[in-house]
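Novice: Any chance you could fold what I've pasted below:
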Amino acid sequence: MQRFRSSENGMAAIEIALILPVLAMILYVLVEGANTLHDYSTISEASRSAARQVVISGDTSIAPSIVNAVVTELPVNALTTTAVLSDGGKTVTVEVRYAYHSFFAANQQAEGPLPSLYTLTARTTMPIP
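Specialist: Residues are numbered from 1 along each chain as shown. As a prediction, this is how the structure comes out:
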């Protein structure tokens, strides 16, 4: 019985060493996914707000300033806003693109612009009465 116990010494350390990278990856995916959803929700709301204002005013040039006013926690230089009247002026489409940066890379001090992982796009189309 004593010999069996001595052969199990260190098994817990090996199990932790094997499972820790998997747990770290799951945590990374959860945090990064939550941040991506938050950022997409933010630009989606900005797109809707800009489309509403364009419908009210009829001026597509105000869309970028509305988006920049609504999106306060994202870097403005990573946003691109376009507003287009289509169908002979019957609808307006506002598209907001955001060059998404990793949650973990965004907290680092970088000398140049951070590389984007991918581009999030929110598009809203509304009819003009």
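
Novice: Tell me where the longest helix sits in the protein.
Specialist: For the chain, the longest helix by residue count, based on DSSP state H, is helix 11-57.

Novice: following that helix, which helix or strand shows up next?
Specialist: Sequence-wise, the next helix or strand beyond helix 11-57 is helix 63-70, with elements assigned using DSSP states H and E.

Novice: Are there helices or strands packed against that following helix, and which ones?
Specialist: In terms of contact count using 3 or more CB pairs under 8 Å, 6 or more residues apart in numbering; DSSP states H and E, helix 63-70 is assigned the packing partners helix 11-57, strand 79-86, strand 91-100. C-beta coordinates here come from the backbone N, C-alpha and C atoms, glycine included.

Novice: same for the longest helix of the chain, what does it pack against?
Specialist: Using 3+ CB pairs under 8 Å, 6+ apart as the contact criterion, the secondary-structure elements in contact with helix 11-57 are helix 63-70, strand 79-86, strand 91-100, helix 103-106, strand 118-127.

Novice: and it, how far out from the chain's middle?
Specialist: Relative to the chain's own centre, helix 11-57 is displaced by 7 Å; criterion: CA atoms, centre = their mean, to the nearest Å.

Novice: Out of the helices and strands packed on helix 63-70, which one sits most buried?
Specialist: Of all the helices and strands packed on helix 63-70, strand 91-100 carries the top mean neighbour count, a mean of 21, counting by mean count of other CB atoms under 10 Å.

Novice: between that strand and helix 63-70, how many degrees?
Specialist: Here strand 91-100 runs at 50 degrees with respect to helix 63-70, directions being taken by axes from the mean of the first three to the mean of the last three CA atoms, to 10 degrees.

Novice: partner strands of strand 91-100, parallel or antiparallel?
Specialist: Sheet partners assigned to strand 91-100 using DSSP bridges are listed as strand 79-86 (antiparallel), strand 118-127 (antiparallel).

Novice: what is the mean pLDDT for that strand?
Specialist: When pLDDT is averaged along strand 91-100, the result is 95.

Novice: Take the helices and strands packed on helix 63-70 and lay them out in JSON lines including distance to residue 117.
Specialist: Putting the helices and strands packed on helix 63-70 into JSON lines (distance: least, CB to CB, whole Å) gives the following:
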{"stretch": "helix 11-57", "distance to residue 117": "9"}
{"stretch": "strand 79-86", "distance to residue 117": "16"}
{"stretch": "strand 91-100", "distance to residue 117": "5"}
